[in-house]
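Please work out how this folds:
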Amino acid sequence: MSRADVTAAAPAAAVPAQRGILTTEAWLRTPSAAAGVFRVRPLPSEATASYVQRLATAYRLALPQLLAGAGITLAGHGTPRTTELHLSPAACHHIAALARIPLPHLRRALPHLAPLDDTHDTHDTETGAARWKALEAGQQPVRACTLCTRHRSQNTTDTGWVHRPPHRLVCPRHQQAAPDPRLTSTVRTRAVPELVAAHHAHHRLRRHPRAATAWTAARAITTRWYDHQQHLTHRRHTRLTRLCAVNPHLTTTHSASATLLARDLVIYPETVALAGALATLPVRPHRDTGNALNLIAQRLGLPRLPLNANDPLRVLLTHTHH
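The predicted model follows:
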């Protein structure tokens, strides 16, 4: 359906000709599987509810109005971030058609989008359905980079929510991050330029066959060091102070302290460095940990790394196949 066709379907006084914005009444008369006017691109790893909300915002509709106009029946109540939107196979097709995004591409971008059921003809024979489902605190998405979101939203909104994988902690182009789901605003990171270098190093690390296991181990270790104020304490304190200075909301968010809210950002450079070192070590327990610790200390920018017997890194090197 062309922009001119859509404009003609709505009252002329209600639809700005230069943008082809649909009124609610005109949109509800649109066939459920009709192609949309705007092509709204998904964010990588975006929550389904966030994407559909951005799509509704592009049409200046409430989310329930958009779904009803697309022939999708909505059950329950919810909002993006604290609840997720689950779509039936037919509803997935309707949203893809409305967004003018091929469904396979949409499925790759939205990790929680329901997969197509290939045993049915999902084009027009199934009824579209959607329902809200509450998310536990650990399942909630984080705020996406505001500038990336605005770029992919026809400049209609800067609010998006993503299930961010570890290697996308920082947006290197706009230097924003959302290290914790409890933050409703992004954190500006220009005051800590080493985060961008860590981001690029993390992407290089992902090419290594043992990157995933090395990252998991490294993050557990650096988190323990951070929580117990062990090793690199001055460096991490300086980093946290700089982040708080340019992000006042870190200290005014009452759900948690800035120490916890910014933890993943503060430990990120050392986590990447430690994961890179662990990935290169032989996959076996180390009887003599001296050489391994010298390599790790060098990667962390330390002259040496004294560890007690219970330190998680020493345990990893001496007792487990890392």
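
which stretches of the stretch 101-250 of the chain form helices?
Taking DSSP state H, counting those that start in this stretch, the helices of the stretch 101-250 of the chain run over residues 103-109, 146-151, 194-205, 211-227, 233-246, 249-252.

Identify the residues contacting R143.
With contact taken as C-beta atoms under 8 Å, 6 or more residues apart in numbering, R143 is in contact with 159-161, 178, 183-186. (C-beta placed from N, C-alpha, C; glycine too.)

pLDDT score for it?
Looking at R143, its pLDDT reads 97.

Likewise for S153?
92.

May I have the phi/psi pair for it?
The phi and psi values for S153, taken as degrees, to the nearest 10, are phi -120, psi 20.

Would you quantify the distance from it to A62?
Noted for S153: a distance of 16 Å to A62, by C-beta to C-beta, to the nearest Å.

Check D180 too.
Taking C-beta to C-beta, one finds D180 at 29 Å from A62.

cool, and L317?
56 Å.

the more surrounded of these two?
Shown here are L317 and A62; by other C-beta atoms under 10 Å, L317 has more neighbours (21 against 13).

Is it correct that that one is in contact with T289?
Yes - shown here, L317 and T289 form a contact pair, counting by C-beta atoms under 8 Å, at 4.7 Å.

give me every residue that touches A275.
Counting by C-beta under 8 Å, 6+ apart, A275 touches 202, 205, 211, 214-215, 217-219.

Swap in 6 Å and give it another go.
Counting by C-beta atoms under 6 Å, 6 or more residues apart in numbering, A275 makes contact with 214-215, 218.

Serialize these to JSON lines and add fields for distance to A56.
Listed next are the contacts of A275 as JSON lines, based on distance: C-beta to C-beta, whole Å:
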{"residue": "A214", "distance to A56": "41"}
{"residue": "W215", "distance to A56": "36"}
{"residue": "A218", "distance to A56": "40"}
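
which residues of the stretch 151-300 of the chain score low on pLDDT?
Along the stretch 151-300 of the chain, segments meeting pLDDT under 70 span 283-288.

Closest one to L135 out of the contacts of R143, please.
For the contacts of R143, the closest approach to L135 (C-beta to C-beta) belongs to W161, at 10.4 Å.

Is the closest one in contact with A47, as I believe?
Yes - W161 lies in contact with A47 (C-beta atoms under 6 Å); the separation is 4.7 Å.

which neighbours do these two share?
Shared contacts of W161 and A47 (C-beta under 6 Å, 6+ apart): P141.

Now do G138, the pLDDT please.
At G138, pLDDT is 86.

So for it, what's the nearest residue that isn't a sequence neighbour?
Closest residue to G138 apart from its sequence neighbours, by C-beta to C-beta, 6 or more residues apart in numbering: P181 at 7.9 Å.

and that neighbour, how many neighbours?
If you count neighbours by other C-beta under 10 Å, P181 ends up with 21.

I'd say it and V142 touch.
Yes - using C-beta under 6 Å, P181 is in contact with V142, at 5.2 Å.

Quick check: the spatially closest residue to A256 that is not a sequence neighbour vs A130, distance?
Leaving aside its sequence neighbours, A256 sits nearest to R182 (C-beta to C-beta, 6+ apart; 5.6 Å). To A130, R182 is 26 Å away according to C-beta to C-beta.

Which one of those two is surrounded by more residues?
A130 (25 against 15).

what's near enough to touch that one?
A130 sits next to 67, 72, 74, 85, 87, 91 when contact means C-beta under 6 Å, 6+ apart.

rerun at 8 Å
Counted by C-beta under 8 Å, 6+ apart, A130 has contacts 67, 72-75, 85-88, 91.

Closest to H249 out of these?
Taking C-beta to C-beta as the measure, H249 lies nearest L85 of the contacts of A130, at 26.8 Å.

how about the strands in this protein?
Using DSSP state E, the strands found in the chain span residues 72-75, 83-87, 128-134, 142-143, 161-162, 170-171, 176-177, 187-188.

most neighbours per residue, which of those strands?
Stretch with highest mean neighbour count among the strands of the chain: strand 161-162 (a mean of 26; mean count of other C-beta atoms under 10 Å).
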